[in-house]
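**Q** Predicted coordinates and the sequence they were generated for:
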Amino acid sequence: MIRNLEELELERNENRRFYTAENAFDGLNDRQFIKKFRLPKENVRDLIHELSPFMIHPTRRSSISIERKVLTALRFYASGSYQQDIGENRASSMSQSAVSQCITEVTEALNQPLVFSKHVYFPRTIEELNIVRQ
C-alpha cells in the first residue's frame, strides 16, 4: 500500500505543470525593467554573471535558474514588499518559500567578500563622507 502511494505521488509530481515566468529581459522595455528591478538590464546581466559562481545551479530538484533567482531577489529589494506578494504574483509563479530561498541565496552571494568589496564602499574620512552626502 505504501508503495502504491509513493508511485501515485511520483506520478502526480511528474504531471505538475509550472507557469513559465516572462523573460524580463525580452518582455520589458528598458524603462519598465528599471522601474521593476531598479537597475538597468546590462547591470543585472553583469550581476547575474558575477554571482553565478557563488550560487546553486539548477538541478532536477530545484529547477530555478540563477537568472530567475537574482531577478526575484532584486524585485524584492526594489519593492520592499513581502515575499508572499512576490511569490503569489502569476508572473513569477513561485511559492513564498521559493521566493524566500531565492532572497537568501542571492543575499549570501552578494555578501561574498569578492562581490561585496567590489560594489560596497564605506567612506573612510570626513571628506569622503561629505562627498557622498552631496
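**A** All right, it came through fine. A quick note: this is a predicted structure, and the numbers were derived from the prediction, not measured. Residues are numbered from 1 along each chain as shown.
**Q** Let me see the residues that make contact with stretch 49-65.
**A** By CB atoms under 8 Å, 6 or more residues apart in numbering, the list of residues contacting stretch 49-65 from outside reads 66, 69-70, 94, 98, 102, 105-106, 108-110, 112, 115, 118. Heads up, the C-betas are built off the backbone N, CA and C, glycines and all.
**Q** Have a look at the protein and report the helix or strand with the lowest mean pLDDT.
**A** Ranked by mean pLDDT, DSSP states H and E, the weakest helix or strand in the chain is helix 83-88, scoring a mean of 53.
**Q** Helix, strand, or coil at Val106?
**A** Look at Val106: counting by DSSP: H, G, I helix; E, B strand; the rest coil, its state is helix.
**Q** What's the local residue count around it?
**A** Neighbour count of Val106, defined by other CB atoms under 10 Å: 24.
**Q** swap in Glu50?
**A** With other CB under 10 Å as criterion, Glu50 counts 17.
**Q** just to confirm, which helix or strand has it in it?
**A** helix 41-51 (DSSP states H and E).
**Q** Put the alpha carbons of that helix into CSV.
**A** What follows is helix 41-51, C-alpha atoms only, in CSV (Å, rounded to 0.1, in the frame of the first residue of the first chain):
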residue,chain,number,x,y,z
LYS,A,41,19.4,45.4,-17.9
GLU,A,42,23.1,45.4,-18.5
ASN,A,43,23.9,45.8,-14.8
VAL,A,44,21.6,43.0,-14.0
ARG,A,45,23.2,40.7,-16.6
ASP,A,46,26.7,41.6,-15.2
LEU,A,47,25.4,40.9,-11.6
ILE,A,48,24.0,37.5,-12.6
HIS,A,49,27.3,36.6,-14.2
GLU,A,50,29.2,37.8,-11.2
LEU,A,51,27.0,36.0,-8.6
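**Q** buried ones in it?
**A** Buried residues in helix 41-51, counted by 16 or more other CB atoms under 10 Å: 41, 44, 47-48, 50-51.
**Q** Now the element after that helix, going C-ward?
**A** With DSSP H and E, the next secondary element past helix 41-51 is helix 66-79.
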